[in-house]
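S.K.: Give me coordinates for this.
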Amino acid sequence: MTALHSALLLSGYVLTIIGLNLICYLISSFYQKKFGEASPRLGFMSAGALSVLLAVALWIPLGSASTTELVQVALLWSSGVLSAVNSVQLYYTMKRVRK
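M.R.: Got it, this is the predicted structure:
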């Protein structure tokens, strides 16, 4: 697999993650509007913004190859962790019984 194929495959993954964060953000916004309780919307926006930065970093070199890879891995991990933590928070928000 060439570097171009790897970058395209990773870009598709990043776009999918951005879409999933958007869906979770919309669900969280619905819960906040419908039930008037706090839900983790800022985290989904932050994870989406980090994913967009990752998509940009995949195509624009940031100096040496090791620096570029380090930035890409840091963005990938931070976006993933933010998304996972906020998804768990949203799950527990949705799980609570409402009357």
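S.K.: mind checking how far the helix or strand where V71 lies is from the chain centre?
M.R.: Applying DSSP states H and E as the criterion places V71 in helix 65-95. Centroid separation for helix 65-95 versus its chain: 6 Å, with Cα atoms, centre = their mean, to the nearest Å.
S.K.: Give me the number of neighbouring residues for G36.
M.R.: Here the number of neighbours of G36 (other Cβ atoms under 10 Å) works out to 7. From N, CA and C alone the C-beta is placed, and that goes for glycine too.
S.K.: For it, list the residues it contacts.
M.R.: Counting by Cβ atoms under 8 Å, 6 or more residues apart in numbering, G36 makes contact with nothing.
S.K.: longest helix of this protein?
M.R.: helix 3-35 (DSSP state H).
S.K.: and the helix or strand just after that helix, what other elements does it pack with?
M.R.: Next along the chain after helix 3-35, taking DSSP H and E as the criterion, comes helix 41-59. Where contact means 3 or more Cβ pairs under 8 Å, 6 or more residues apart in numbering; DSSP states H and E, helix 41-59 is packed against helix 3-35, helix 65-95.
S.K.: which residues sit against helix 41-59?
M.R.: 7, 10-11, 14-15, 17-18, 21-22, 24-25, 28-29, 32, 68, 71-72, 75-76, 78-80, 82-83, 85-86, 89.
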